[in-house]
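Engineer: I'll drop the sequence and a predicted model, then ask my questions.
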Amino acid sequence: MGITKLADLVRSEAPDAISHKDISDYSGKTIALDTSIIMQQFRKALPSSQRLTLSGLFFRTLTFLEHDIKPVFVFDGTPPGEKMSTLEKRAEADGRTFTNYSGVASTQTKNCIDLLKLLGVPVVQAPADAEARCAQLVKSGLVDAVASEDMDTLPFGATTLIRGFNASKDSEVREYSLEKLLDKLKITQKEFVDLCILLGCDYCDKIAGLGPKRALDLIQKHRTIEEVVLHVNRKTHPVPQFWKYEAARKLFLEPPKIDSPDLYWTEPDEEALVNFLSHGHIKAMRVRKRLTEFHLNRKNLREEREKSKGCKQTRMEDFFRVTRKREATVNAAESSSGKGKRPKTK
């Protein structure tokens with residue numbers, strides 16, 4: 001779920017915090033991916049097919065790599081205790097029973113990890129939620145941005161969030177700047193976390209009937225949840241009994257301290273990939289064909305980027321592309337970078 005209606009609030013109150021991009025804009029960048037989101041997208045397309053999840057991950061990862069994007073796939077660990085109630089409700093809504101309280105990796109997840117290793121990309125195991133670990137990687141300077149559909153990477157402190165990063169040619173890639181967002185809303189990171197808790201997050205209940213604009217007004221005026229509770233009308237907006245907002249706040253602001261991972265990228269292991277995927281997932285001929293295309297596409301894209309270096313004249317099609325996207329941002333408004341050393345590639 002992420003943060004309820006946060007994306008809508010950003011579009012209406014801080015549209016300048018959103019910029020529209022193409023996948024090619026991230027060439028040479030290191031991007032942490034919230035892998036559970038990617039797997040959910042593939043599972044929704046065909047819930048009963050493990051084959052679809054692995055083939056989708058294979059094709060999407062190669063598209064990132066041929067654009068010289070360095071992906072880092074981050075997997076969920078043990079869910080925080082504060083999130084269990086939310087996970088149980090989601091499972092019930094899907095007609096199933098939630099049982100994985102320990103966060104043990106499923107067979108499908110293990111197969112995805114094996115596939116990614118054969119593709120030569122790093123895999124990071126989060127101690128708890130992947131989005132929190134992704135945010136840590138950005139803040140530590142190991143990656144340039146987080147790619148996730150969940151907006152809660154922002155209250156976790158990710159300086160740059162990318163949504164719609166699915167490798168499709170016609171996808172609308174949107175980049176959110178936390179710095180611009182806080183500046184426009186005129187609140188601090190801690191106040192932003194309190195705002196997100198008021199909007200509704202995965203770790204505790206929210207004040208009933210409190211809409212996003214009203215929640216923002218209250219935080220801008222009173223600055224903390226404690227002060228908001230003193231001034232909110234409890235008849236129209238009842239405060240939850242035994243409200244665990246402090247625990248939620250701590251999860252966002254005080255993630256567990258763990259060592260930074262060593263990130264390495266290698267060339268895909270073609271023969272191992274053919275052997276792995278041809279056993280009930282993708283035909284060997286199709287795997288080889290895509291790998292051949294990958295090497296050719298990467299070579300051509302690198303040559304195009306080299307040719308474009310130093311070229312100051314803007315191409316006509318680029319001008320119109322940017323104009324349309326800027327126009328989209330304006331319409332949205334009317335309707336309502338971490339730095340550090342980069343790991344070397346082996």
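Structural biologist: Noted; the coordinates are in hand.

Engineer: Can you give me the pLDDT of the closest residue to residue 106 other than its chain neighbours?
Structural biologist: Leaving aside its sequence neighbours, residue 106 sits nearest to residue 100 (CB to CB, 6 or more residues apart in numbering; 7.8 Å). Any C-beta I mention is one placed from the backbone N, CA and C, and that applies to glycine too. At residue 100, the predicted lDDT confidence score is 75.

Engineer: again, but for residue 260
Structural biologist: 89.

Engineer: what are the phi and psi angles of it?
Structural biologist: phi -70, psi 140 (degrees, to the nearest 10).

Engineer: dump the residue contacts of it.
Structural biologist: Residue 260 makes contact with 137, 140, 142, according to CB atoms under 8 Å, 6 or more residues apart in numbering.

Engineer: And the second one, how far from residue 124?
Structural biologist: As defined by CB to CB, to the nearest Å, residue 140 lies at a distance of 12 Å from residue 124.

Engineer: more crowded one of those two?
Structural biologist: residue 124 (21 against 13; other CB atoms under 10 Å).

Engineer: Spatially nearest residue to the more buried one (excluding sequence neighbours)?
Structural biologist: Leaving aside its sequence neighbours, residue 124 sits nearest to residue 74 (CB to CB, 6+ apart; 4.7 Å).

Engineer: so that neighbour makes contact with residue 134?
Structural biologist: Yes - between residue 74 and residue 134 there is a contact under CB atoms under 8 Å: 5.2 Å.

Engineer: hey, what's in contact with both of these two?
Structural biologist: 32-34, 126.

Engineer: ok, the spatially most central residue of the chain - contacts?
Structural biologist: Closest to where the C-alpha atoms of the chain average out (CA atoms, centre = their mean) is residue 148, at 1.5 Å. Shown in contact with residue 148 (CB under 8 Å, 6+ apart): 33-34, 37, 131, 134, 161-163.

Engineer: now swap in residue 68 and tell me
Structural biologist: Contacts of residue 68 by CB under 8 Å, 6+ apart are 27-28, 298, 301-302, 305.

Engineer: For the nearest residue to the residue nearest to the centre of the chain once chain neighbours are set aside, list each beta-bridge partner.
Structural biologist: In this structure, residue 148 finds its nearest non-sequential neighbour in residue 34, 3.7 Å apart by CB to CB, 6+ apart. Residues in a beta bridge with residue 34, per DSSP bridges, are residue 74.

Engineer: now do residue 20
Structural biologist: Residue 20 forms beta bridges with residue 174, as assigned by DSSP bridges.

Engineer: Please tabulate the contacts of residue 148 in TSV, including the columns neighbour count, secondary structure and distance to residue 222.
Structural biologist: Rendered in TSV, the data for the contacts of residue 148 read as follows (neighbours: other CB atoms under 10 Å; DSSP: H, G, I helix; E, B strand; the rest coil; distance: CB to CB, whole Å):
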residue	neighbour count	secondary structure	distance to residue 222
33	26	strand	37
34	28	strand	32
37	18	helix	33
131	29	helix	27
134	29	helix	31
161	30	strand	26
162	25	strand	32
163	21	strand	30
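
Engineer: from these, which is closest to residue 63?
Structural biologist: Distance to residue 63 across the contacts of residue 148 (CB to CB) is lowest for residue 33, with 12.5 Å.

Engineer: From what I see, the closest one and residue 150 are in contact.
Structural biologist: No - with contacts defined as CB under 8 Å, residue 33 does not count as touching residue 150, sitting 11.7 Å away.

Engineer: on that earlier part again, so can I have a markdown table of the contacts of residue 260 showing pLDDT and distance to residue 106?
Structural biologist: Listed next are the contacts of residue 260 as a markdown table, based on pLDDT from 0 to 100; distance: CB to CB, whole Å:
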| residue | pLDDT | distance to residue 106 |
| --- | --- | --- |
| 137 | 97 | 24 |
| 140 | 93 | 29 |
| 142 | 96 | 27 |
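
Engineer: Can you flag which of those belong to helices?
Structural biologist: Taking DSSP state H, the ones among the contacts of residue 260 that sit in helices are residue 137.

Engineer: Closest to residue 120 out of the contacts of residue 260?
Structural biologist: Distance to residue 120 across the contacts of residue 260 (CB to CB) is lowest for residue 142, with 17.6 Å.

Engineer: In the shared contacts of residue 74 and residue 134, find the pair that's most separated.
Structural biologist: Going by CB to CB, the pair spanning the shared contacts of residue 74 and residue 134 furthest: 33 and 126, at 11.9 Å.

Engineer: residues bridging contact with these two, i.e. touching both?
Structural biologist: In contact with both residue 33 and residue 126: 74, 134, using CB under 8 Å, 6+ apart.

Engineer: Any idea how many residues pack against the residue lying closest to residue 213 once chain neighbours are set aside?
Structural biologist: Spatial nearest neighbour of residue 213, chain neighbours left out: residue 9 (7.2 Å); criterion: CB to CB, 6+ apart. Using other CB under 10 Å, residue 9 has 23 neighbouring residues.
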